[in-house]
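K.L.:
sequence isn't available, so here's the structure alone:
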């Protein structure tokens, strides 16, 4: 397998971004639908390239098809799995953004170009094991996400959210780079896969370096203490942008952290596992408690996302040998849970955006009786919220069961107990909103969700329906996750 094949998915997405930008400059009055379908076409091309990579991996029982640049680029089944998740988020977003594209025709080309550049950076991050290339891809992703937020220009809060995102992103990048510098000083290598085996000065230097890298990546995931940008973005930006930023951050941040943890820091190493588990517990409790106080649907989704990030981090911390002597299944649980987590947050924010476009205020009082006035959209929003909360029988529930099982095997029973409390609190918060949505109509004037184009509504409904589909196909999808996680070593 050549280096070109290993880079092909990212190159196709980057090429698609250039095409959108070129068309926007040369033909500024072009229909927004053209950029949408150019983005879908680029995603289809990147998916095809990923499938070609997957076929090329079959002869290797370790699932490693390409190790280039002295180990700095790793194309394996784990990378292919992450790439497909990124592409799924990209397609759902661009199809669900029809309302935004029609209202911002002058910026449609730039919007689609930034979506593709963000996805390309995420794809490269999942494959990178070299410090310099990783830093460049990380910086590109942060810049693209900031620009997506800033270009909406819908209100003062949106501009404030973009500014806070710049601050948090800058802190995250600086923290990560400083951590990498400390690790380089301790190991003498920029190859992230050799950190654990190449330690020359074991001690506080290595521990602090690992901690700084973990904290920097938390910003992308949207977990404490760097979760403020995600809450601001989800509350103030259009649903498509908020969903894309949150889902892409969760997928990229957790998969990158997992690769760092298993291949770089050393699976089962207490130097990083305890920190990740503590942050996971903090995120679960913080999100659950805040969700109980949520007075708007956007804030509810943001708080549920924070709690969800805690569960995902709990899976990251469940690596190495379990208490029964077998390999802890945290990586498998994480990859499976990400399928439901990413689609749920995209669906919830797209559906909230549909109600926003219909003129419905975001408060819980305004949502009273919405299940009677817009039954289909309200039903899909209910599915998305239930999946975000991890309630049965949706994908979020099965993901949390797998995560709890892997964490117990890894010896983190105390964290699982706290996770159970968080799930109860989250369930109460979501059920409170569902009871309001299906209560008697509050007498407000009717509204029409048909103001949102059918393409956007279909994308939102599909994203919500995937929570049911992932749960129904749990067995084969867990097998796929097992194949992806098995490439980590």
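P.N.:
That came in fine, so what should we check first? All values reported here derive from a predicted model rather than from experimental measurement. Numbers count the residues shown, from 1 in each chain.
K.L.:
identify the residues contacting stretch 409-426?
P.N.:
Stretch 409-426 is contacted from outside by 273, 277, 280-281, 284-285, 287-289, 291-292, 304, 307, 310-311, 314, 317-320, 322-324, 326, 328-330, 389-390, 400, 403-404, 407-408, using CB atoms under 8 Å, 6 or more residues apart in numbering. C-betas here are computed from N, CA, C, even on glycine.
K.L.:
just the buried residues out of those, in PyMOL syntax.
P.N.:
The buried subset of the contacts of stretch 409-426, as determined by 16 or more other CB atoms under 10 Å, is captured in PyMOL by this line:
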select buried, resi 273+277+280+281+284+285+287+288+289+291+304+307+310+311+314+317+318+319+320+322+328+329+330+389+390+400+403+404+407+408
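K.L.:
of the contacts of stretch 409-426, which belong to helices?
P.N.:
Judged by DSSP state H, the subset of the contacts of stretch 409-426 located in helices is 273, 277, 280-281, 284-285, 287-289, 291-292, 304, 307, 310-311, 314, 330, 389, 400, 403-404, 407-408.
K.L.:
where does pLDDT dip in the stretch 351-489 of the chain?
P.N.:
Along the stretch 351-489 of the chain, segments meeting pLDDT under 70 span 441-447, 489.
K.L.:
cutoff 90 now
P.N.:
Within the stretch 351-489 of the chain, the segments meeting pLDDT under 90 span 355-376, 390-394, 409-413, 436-456, 480-489.
K.L.:
those helices in it, which residues are they?
P.N.:
370-373, 375-389, 395-409, 413-437, 454-472, 474-485 (DSSP state H, counting those that start in this stretch).
K.L.:
for the helix or strand harbouring residue 347, packing partners?
P.N.:
Element membership for residue 347 (DSSP states H and E) is helix 330-357. Where contact means 3 or more CB pairs under 8 Å, 6 or more residues apart in numbering; DSSP states H and E, helix 330-357 is packed against helix 77-96, helix 98-103, helix 239-259, helix 297-316, helix 375-389, helix 395-409, helix 454-472, helix 474-485.
K.L.:
can you pull the buried residues of it?
P.N.:
The neighbour-count criterion (16+ other CB under 10 Å) identifies 330-357 as the buried residues of helix 330-357.
K.L.:
state the distance from residue 288 to residue 131.
P.N.:
Distance, residue 288 to residue 131, by CB to CB, to the nearest Å: 36 Å.
K.L.:
residue 188 now?
P.N.:
Counting by CB to CB - residue 188 and residue 131 are separated by 12 Å.
K.L.:
equivalent analysis for residue 437, please.
P.N.:
In terms of CB to CB, residue 437 sits 48 Å off from residue 131.
K.L.:
before we move on, what about residue 242?
P.N.:
Residue 242 is 31 Å from residue 131, by CB to CB.
K.L.:
ok, the two, which is more surrounded?
P.N.:
Ranked by neighbour count (other CB atoms under 10 Å), residue 242 and residue 131 place residue 242 first, with 32 against 21.
K.L.:
do I have it right that that one meets residue 234?
P.N.:
Yes - using CB atoms under 8 Å, residue 242 is in contact with residue 234, at 4.5 Å.
K.L.:
give the residues shared as contacts by these two.
P.N.:
Between them, residue 242 and residue 234 share the contacting residues 298, 349, judged by CB under 8 Å, 6+ apart.
K.L.:
dump the residue contacts of residue 292.
P.N.:
Applying CB under 8 Å, 6+ apart, the residues near residue 292 are 425, 428, 429, 432.
K.L.:
which stretches of the stretch 201-350 of the chain have low pLDDT?
P.N.:
The stretch 201-350 of the chain contains residues with pLDDT under 90 at 201-239, 257-276, 294-295, 317-331.
K.L.:
no more questions from me, cheers.
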